[in-house]
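Q: test case, fold it:
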Amino acid sequence: MTVLKKVLFGVLIVFGIAQFFGPDKNEGQMASMNAFLEDTNPPEDVRLILQKTCYDCHSDVTEYPWYNHITPINYWLAGHVKDGKKHFNMSNWAGNSIKRKDHKFEELIEMVEDKTMPLNSYIWTHSEAKLTDDQIKSVIDWANLVRIKYSFAPKPE
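A: Numbers count the residues shown, from 1 in each chain. Below you'll find the predicted structure:
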C-alpha cells in the first residue's frame with residue numbers, strides 16, 4: 001500500500017469515528033420565546049418571517065437540517081448558532097435592559113436594511129429565508145415601532 005493510500009485510509013477511519021461525536025444541540029422549547037414575543041408583539045406576517053429566518057440562529061429553538069448529522073458540518077453549524085445567540089438571543093429576552101433591547105433592535109434594523117441578515121450562508125441552504133423587499137419593510141416597520149415603545153419606557157435611575 002502506498003503512503004497516499006495509507007493516509008487516505010487513516011483519514012477515512014478518523015472521519016468515520018468522528019461521526020459518533022458532535023456538539024450539543026440547541027433544542028429549547030418554544031416557550032423560551034414567550035417573553036420576546038409578548039414584549040415586541042410582532043404582527044403575524046413578521047412572526048412568520050422571524051420563525052423562518054431568525055429562530056434557528058437567534059433563539060433556543062433550532063430546526064436542524066439533515067446534514068447536521070455529518071461531522072464536521074455539525075460543529076460549523078453549532079458555531080453559527082452560538083455566535084448568532086451571542087449577538088441577538090430572542091430566548092433570553094427578559095434578561096435584557098430596555099437600553100440593550102433598544103440597541104438590539106437598532107442593530108436588527110441596520111442589518112436587515114443592509115441585507116446582511118439573514119446570512120448568505122444560511123440563505124444558500126434555506127432559500128425561503130431570502131427576504132423580499134416587502135418582507136424587509138414589514139420587519140423594519142415593526143422594529144421601529146418596538147423602538148418607539150422602548151423610547152417611552154421608564155429608564156432606571
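
Q: where does this structure have low pLDDT?
A: 14-23, 25-26, 28, 30-31, 155-157 (pLDDT under 70).

Q: which parts of it are helices?
A: Along the chain, counting by DSSP state H, helices occupy 3-18, 34-40, 44-53, 55-58, 73-87, 98-113, 120-125, 133-152.

Q: from Ser32, how far out is Glu110?
A: 25 Å (CB to CB, to the nearest Å). Every residue, glycine included, has its C-beta placed from N, CA and C.

Q: who's more crowded, the two?
A: Ser32 (17 against 13; other CB atoms under 10 Å).

Q: which residue is the nearest non-sequential neighbour of the more buried one?
A: Sequence neighbours aside, Ser91 is the residue nearest to Ser32 in space, at 3.9 Å (criterion: CB to CB, 6 or more residues apart in numbering).

Q: ok, the one you found - how many residues close by?
A: 22.

Q: same question, Ile98
A: Neighbour number of Ile98 under other CB under 10 Å is 16.

Q: shouldn't it be in contact with Lys149?
A: No. Counting by CB atoms under 8 Å, Ile98 stays clear of Lys149, with 9.4 Å between them.

Q: Trp104 and Asn96 touch, don't they?
A: Heads up, residue 104 is Lys, not Trp. Yes. The pair Lys104 / Asn96 is scored as a contact, 7.2 Å apart, by CB under 8 Å.
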